[in-house]
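# This is a predicted model, with the sequence first.
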Amino acid sequence: MLRPQTQHVAVLWPTTPIAARRLRLYSAFDVTRARRLAALDLGTTKACCAIADVDSDGLRVLGFGQSPSRGVRKGAIVDIERAAEAVAEAVDATERMSGLPVDAVVVGIAGGHLASQNSRGVVAVPAGHREVRHGDITRAVEAARAVSVPSDREIVHVLPQQFTIDGQDGVRDAIGMIGTRLEVDTHIITGSTTAIQNVVKVMHTAGLDVEDLVLQVLASARAVTTEDEIERGVAVVDVGGGTTDVAVFGAGSVLHTGVVPVGGNHVTGDLAVGLRSDLETAEAVKRANGHSLQLTIPAEATVTLTPMGYEEPVAVPQRYLAEVIGPRAREMAVLIDTEISRSGAAARLPGGVVMCGGGALLRGFAEIVQQVTDLPVRVAAPPVAHGMDEGVRGPEHATLVGLMLWGDKRGGSRTFARTNGHGGNGHTMSTRFGRWLRELF
């Protein structure tokens with residue numbers, strides 16, 4: 001049963017960030033009272049929702065709900081009604097646990113339709129004051145986002161990396177600096193207009209308004225990395241069911257983002273073929289006994305299951321499972337390494353690789369990624385928040401927790417009426433995130 005559909009269509013966009021514990025890039029204000037926010041992670045394998053209060057002590061999770069995902073393939077919506085049903089189930093479970101209504105959510109977005117590029121914007125600082133002000137930075141970011149984008153795509157994020165003032169590069173906080181020429185290097189993420197609109201439509205069909213759309217791997221990074229790792233250099237790898245998202249950070253900013261079109265469901269599919277079983281059985285076997293490294297498993301270890309066409313259970317050597325899983329795990333590791341190398345910073349990542357997402361729990365996979373990338377690798381879970389349900393504490397819920405943390409730092413918002421996927425004032429899904437990146441990390 002779907003929730004009642006809202007009578008208005010709106011996306012609320014942040015304008016001013018909340019005061020952060022770290023270096024400020026733009027002005028901010030302090031939270032003086034608790035406020036409530038909700039997040040929703042709609043992935044290929046699951047839809048999960050959480051509602052939390054944010055106060056001076058941090059995040060206090062009040063309710064959590066999860067349902068099997070439907071209508072989503074490789075991070076993209078393929079059936080709006082079925083996807084909306086999964087969302088409604090997760091939201092209803094959250095409302096039952098918390099006793100609170102969920103009307104608007106911060107939503108994660110992912111999928112192979114996303115692409116990224118770097119761009120530079122240049123503006124002159126008015127001669128009247130020669131001091132860089134907020135308006136100058138806004139003009140510089142707008143100049144950077146004036147890139148050629150095909151008509152079937154739109155800008156999702158414009159993330160400032162660094163400023164240059166009169167030839168002096170590496171400037172983190174340009175406000176108040178003296179100069180005549182202001183440049184900003186940005187990382188721009190674009191997505192398919194249709195795919196973005198379908199995500200929003202699913203939320204509206206489920207009876208929800210959308211407060212923000214956030215790239216899932218950026219949200220995950222917020223949940224599982226430290227300030228020092230973002231500053232020194234780290235790659236975040238979110239292994240989902242349909243895709244694997246990669247983000248490379250350095251010098252406190254985003255250097256590269258990319259999507260690998262392979263995820264945990266591909267491992268499950270391989271096992272289903274190798275074991276002659278249905279996908280549900282293969283998934284259960286993978287979770288309970290799957291391993292990527294054959295020689296680490298005792299030769300006598302077996303798992304009992306009933307293949308399709310068999311009437312009696314049979315004992316299957318666990319090493320055979322690893323023989324099936326291992327090649328796919330190595331393929332994924334090679335694709336992850338290729339994506340990290342595209343950033344040009346593979347040799348400058350002392351923080352190594354931080355893995356999260358349900359696929360990161362596959363035994364032996366982190367070791368294979370470490371072998372292939374020649375970087376230190378750790379599987380990370382979000383830090384425990386006040387009142388956090390046990391089910392939200394694993395690496396598979398890094399995106400959900402990160403979305404709530406991202407929402408915590410959004411601050412005030414402005415409303416854009418959404419018609420056919422576009423907001424007012426000539427903007428689409430554009431520059432809202434760049435102003436708060438360092439606030440978040």
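Looks like it arrived, so ask away.
# can we go C-alpha only for contacts and neighbour counts from here?
Will do.
# Past the helix or strand hosting residue 212, which element shows up next along the chain?
For residue 212, the host element (DSSP states H and E) is strand 209-215. Downstream of strand 209-215, the next assigned helix or strand under DSSP H and E is helix 216-224.
# Could you name the helices and strands sitting against that following helix?
Applying 3 or more C-alpha pairs under 8 Å, 6 or more residues apart in numbering; DSSP states H and E, we find helix 216-224 packed against strand 104-109, strand 234-239, strand 244-250, strand 353-356, helix 398-408.
# Just checking, which helix or strand succeeds the helix or strand in which residue 41 is found along the chain?
According to DSSP H and E, residue 41 maps onto strand 35-42. Once strand 35-42 ends, the next helix or strand along the chain (criterion: DSSP H and E) is strand 46-55.
# Sheet partners, orientation included, of that following strand?
With DSSP bridges as the test, strand 46-55 is paired with strand 35-42 (antiparallel), strand 58-68 (antiparallel).
# export those strands to TSV and tack on mean pLDDT, mean neighbour count and distance to residue 329?
Output for the strands paired with strand 46-55, formatted as TSV (pLDDT from 0 to 100; neighbours: other C-alpha atoms under 10 Å; distance: least, C-alpha to C-alpha, whole Å):
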stretch	mean pLDDT	mean neighbour count	distance to residue 329
strand 35-42	92	25	24
strand 58-68	89	21	24
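# export those to JSON lines and tack on distance to residue 263?
Below are the strands paired with strand 46-55 laid out as JSON lines (distance: least, C-alpha to C-alpha, whole Å):
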{"stretch": "strand 35-42", "distance to residue 263": "15"}
{"stretch": "strand 58-68", "distance to residue 263": "16"}
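# Any idea which of those strands gets closest to residue 355?
strand 35-42 (17.4 Å; C-alpha to C-alpha).
# Next, the angle from that closest one to strand 104-109.
40 degrees (axes from the mean of the first three to the mean of the last three C-alpha atoms, to 10 degrees).
# residues making contact with strand 35-42?
47-55, 69, 87, 102, 104-109, 399-400, 403-404, 407-408 (C-alpha atoms under 8 Å, 6 or more residues apart in numbering).
# for this structure, which spans come out with low pLDDT?
For the chain, applying pLDDT under 70 flags the ranges 1-34, 384-391, 409-441.
# so what are the domain limits for it?
1-113+192-224+383-441, 115-191, 226-379 (automatic domain parsing).
# Return the list of helices and strands in contact with the strand holding residue 212.
Looks like strand 209-215 contacts strand 10-16, strand 104-109, helix 193-205 (3+ C-alpha pairs under 8 Å, 6+ apart).
# With respect to burial, which of these scores highest?
Among these, strand 104-109 has the highest mean neighbour count (mean count of other C-alpha atoms under 10 Å), at a mean of 25.
# and the next element down the chain from it?
As the chain continues past strand 104-109, the following element, by DSSP H and E, is strand 115-124.
# So which elements touch that next one?
helix 134-144, strand 181-192, strand 253-260.
# Give the buried residues for that strand.
Within strand 115-124, the residues scored as buried using 16 or more other C-alpha atoms under 10 Å are 115, 116, 118, 119, 120, 121, 122, 123, 124.
# measure the fifth one to residue 316 for me?
Residue 120 sits 57 Å away from residue 316, taking C-alpha to C-alpha, to the nearest Å as the criterion.
# do the same with the third one
Shown here: residue 118 relative to residue 316, a distance of 50 Å by C-alpha to C-alpha.
# do the same with residue 265
For residue 265, the distance to residue 316 (C-alpha to C-alpha) stands at 21 Å.
# With residue 359 instead?
23 Å.
# same thing with residue 45?
Taken as C-alpha to C-alpha, the span from residue 45 to residue 316 is 26 Å.
# of those two, who's got more company?
residue 45 (20 against 15; other C-alpha atoms under 10 Å).
# For the host helix or strand of residue 370, which helices and strands make contact with it?
In this structure, residue 370 sits in helix 365-373 according to DSSP H and E. With contacts defined as 3+ C-alpha pairs under 8 Å, 6+ apart, the packing partners of helix 365-373 are helix 318-341, strand 377-379.
# Looking at the ones you listed, which is nearest to residue 269?
Between those, helix 318-341 lies closest to residue 269; by C-alpha to C-alpha that is 9.9 Å.
# what's the angle between that closest one and helix 365-373?
On the basis of the same axes, to 10 degrees, helix 318-341 is oriented at 50 degrees to helix 365-373.
# Helix 318-341: how far from the chain's middle?
Helix 318-341 has its C-alpha centroid displaced from the chain centroid by 22 Å (C-alpha atoms, centre = their mean, to the nearest Å).
# Looks like residue 241 contacts residue 267 (just checking).
No. Look at residue 241 against residue 267 with C-alpha atoms under 8 Å: they stay out of range, at 9.2 Å.
# can you confirm residue 148 is in a helix?
No. Secondary structure of residue 148 (DSSP: H, G, I helix; E, B strand; the rest coil): coil, not part of a helix.
# Can you give me the neighbour number for the nearest residue to residue 117 once chain neighbours are set aside?
Once flanking residues are discounted, residue 117 sits nearest to residue 188: 5.3 Å by C-alpha to C-alpha, 6 or more residues apart in numbering. Neighbours of residue 188 under the rule other C-alpha under 10 Å: 25.
# Residue 154 is in contact with residue 188, correct?
No. Assessed by C-alpha under 8 Å, residue 188 is found out of contact with residue 154, at 10.4 Å.
# Quick one: end-to-end length of stretch 75-86, please.
14 Å.
# And that stretch, what's buried?
By 16+ other C-alpha under 10 Å, the buried positions in stretch 75-86 come out as 75, 76, 77, 80, 81, 82, 83, 84, 85, 86.
# residue contacts, the residue most central in space within the chain?
Nearest residue to the geometric centre of the chain (C-alpha atoms, centre = their mean): residue 216, 1.3 Å. Residue 216 is in contact with 108, 109, 110, 245, 399, 403, counting by C-alpha under 8 Å, 6+ apart.
# Residue 345: which of those residues is nearest?
Distances from residue 345 to these, taken by C-alpha to C-alpha, are shortest for residue 245, at 16.9 Å.
# For that closest one, list each beta-bridge partner.
residue 238, residue 259.
# check contacts around it.
Per C-alpha under 8 Å, 6+ apart, neighbours of residue 245: 110, 216, 217, 237, 238, 239, 257, 258, 259, 260.
# From those residues, list just the buried residues.
Neighbour counting with 16+ other C-alpha under 10 Å marks 110, 216, 217, 237, 238, 239, 257, 258, 259, 260 as buried within the contacts of residue 245.
# Would you confirm that the first one contacts residue 72?
No. Here residue 110 lies out of contact with residue 72, judged by C-alpha under 8 Å, at a distance of 10.9 Å.
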